[in-house]
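> generate a structure from the sequence data that follows.
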Amino acid sequence: MNLIKELNKNSAIKDDNSNWLTYKDLYQRIQDRLSVLNRLDRSLFFVYPSNDIDSVVEIIALLESNHVFCLLDPALTNPSKENLNKRYEPNYEFLDGRLSKISNNKVSMHSDLKLLLTTSGSTGNPKLVKLTMENILNNAEAISQSLSISIHDIACGHLALHYAFGFSVITSHLSSGASVRLTNYSFIDSELWKLIRADKVTHLPGVPFNFQIMLKFGLERLKIPSVKSVAQAGGALDLESKKKLYDWMNFNQGKLYIMYGQTEASPRIST
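Below is the predicted model:
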């Protein structure tokens, strides 16, 4: 089961340090990684991703390999990392764009297991959610249908990739043939709004804190007319803020999606 279905010259992905990769180019990079991964016995990988192309290539290659991997926050403290290593005994670690072998342990894993994710309240906690490839693909397709994602859409990939919401932005858009503009800039950085304008981003996902920052700045002052859909999840947003976002999107002939999700549901449930 492959995540990427279209192998064409449409733009697929871009990050802060590179130009757009086409789907054909992205697919080739994934195949190059798979040629390495497929030489290895089925293993457990700990992946500490940044919001860049190398991390996305590693994630998709692992999704399409026979391995199991866990997405973790690269900002975890060393004691937290050591605690997780002791608990799960991973074989490999992907950190700062490099893959390193850390043990020869043979870990018993269910044949359907593909991905391990932390929940929003379990940072550094050894409890993880287990997901299959079928879970991931079905949820990506459901999100795509719910948000009417098309090949003309460009998502802002600012949410952390180890976070279930951020991960689902990548899977739902790439499986739809849409584009993703990855970035490590946050909502308080003026560079974020510049790149949204420059790359004509159409879809802006975020959590309540993100949109509270936007409202403090002033929605119209941001001057991001290309944004035609906003998806809010990751907690409850107050009614007044929702109304302001709705009015802004309505004025720009766009749509506001209020979503609810759980990591256990891989991860979005309702819109």
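
> contact partners for the residue nearest to the spatial centre of the chain?
The centre of the chain sits closest to F167, judged by C-alpha atoms, centre = their mean, with a distance of 2.3 Å. For F167, the contacting residues are I59, L71, L117, L161, P267, by C-beta atoms under 8 Å, 6 or more residues apart in numbering. (Glycine included, C-beta is placed from N, CA and C.)

> next: D153.
H173, S176, A178, S179, T202, H203, S229.

> and if we set it to 10 Å?
144, 147, 172-173, 176-180, 201-203, 228-229 (C-beta atoms under 10 Å, 6 or more residues apart in numbering).

> so which residues of the stretch 101-250 of the chain form helices?
133-147, 164-174, 190-198, 208-217, 239-251 (DSSP state H, counting those that start in this stretch).

> before we move on, back to that, which single one of the contacts of D153 is nearest to L256?
S229 (7.8 Å; C-beta to C-beta).

> show the pLDDT at the closest one.
If you check S229, the pLDDT there is 98.

> contact partners for it?
147-149, 153, 155, 202-205, 249, 254-257.

> quick one: which of those residues is nearest to R87?
P205 (30.9 Å).

> now do the same contact list for the nearest residue to the closest one once chain neighbours are set aside.
Leaving aside its sequence neighbours, P205 sits nearest to A231 (C-beta to C-beta, 6 or more residues apart in numbering; 4.4 Å). Applying C-beta under 10 Å, 6+ apart, we find A231 in contact with 143, 146-147, 155, 165, 168-169, 172, 203-206, 255-259, 268, 271.

> one more time with 8 Å, if that's ok
Per C-beta under 8 Å, 6+ apart, neighbours of A231: L147, H203, L204, P205, G206, Y257, M259.

> skipping its backbone neighbours, what lies nearest the second one in space?
The reference is to H203. A155 is the one closest to H203 (C-beta to C-beta, 6+ apart), at 4.3 Å.

> tell me the contacts of the one you found?
V169, H173, A178, S179, V180, R181, V201, T202, H203, L204, P205.

> Serialize these to JSON lines and add fields for pLDDT, neighbour count and distance to S108.
Below are those laid out as JSON lines (pLDDT from 0 to 100; neighbours: other C-beta atoms under 10 Å; distance: C-beta to C-beta, whole Å):
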{"residue": "V169", "pLDDT": "98", "neighbour count": "24", "distance to S108": "32"}
{"residue": "H173", "pLDDT": "98", "neighbour count": "27", "distance to S108": "34"}
{"residue": "A178", "pLDDT": "97", "neighbour count": "23", "distance to S108": "38"}
{"residue": "S179", "pLDDT": "98", "neighbour count": "27", "distance to S108": "39"}
{"residue": "V180", "pLDDT": "98", "neighbour count": "26", "distance to S108": "35"}
{"residue": "R181", "pLDDT": "98", "neighbour count": "24", "distance to S108": "40"}
{"residue": "V201", "pLDDT": "98", "neighbour count": "25", "distance to S108": "43"}
{"residue": "T202", "pLDDT": "98", "neighbour count": "22", "distance to S108": "44"}
{"residue": "H203", "pLDDT": "98", "neighbour count": "27", "distance to S108": "40"}
{"residue": "L204", "pLDDT": "98", "neighbour count": "23", "distance to S108": "42"}
{"residue": "P205", "pLDDT": "98", "neighbour count": "25", "distance to S108": "36"}
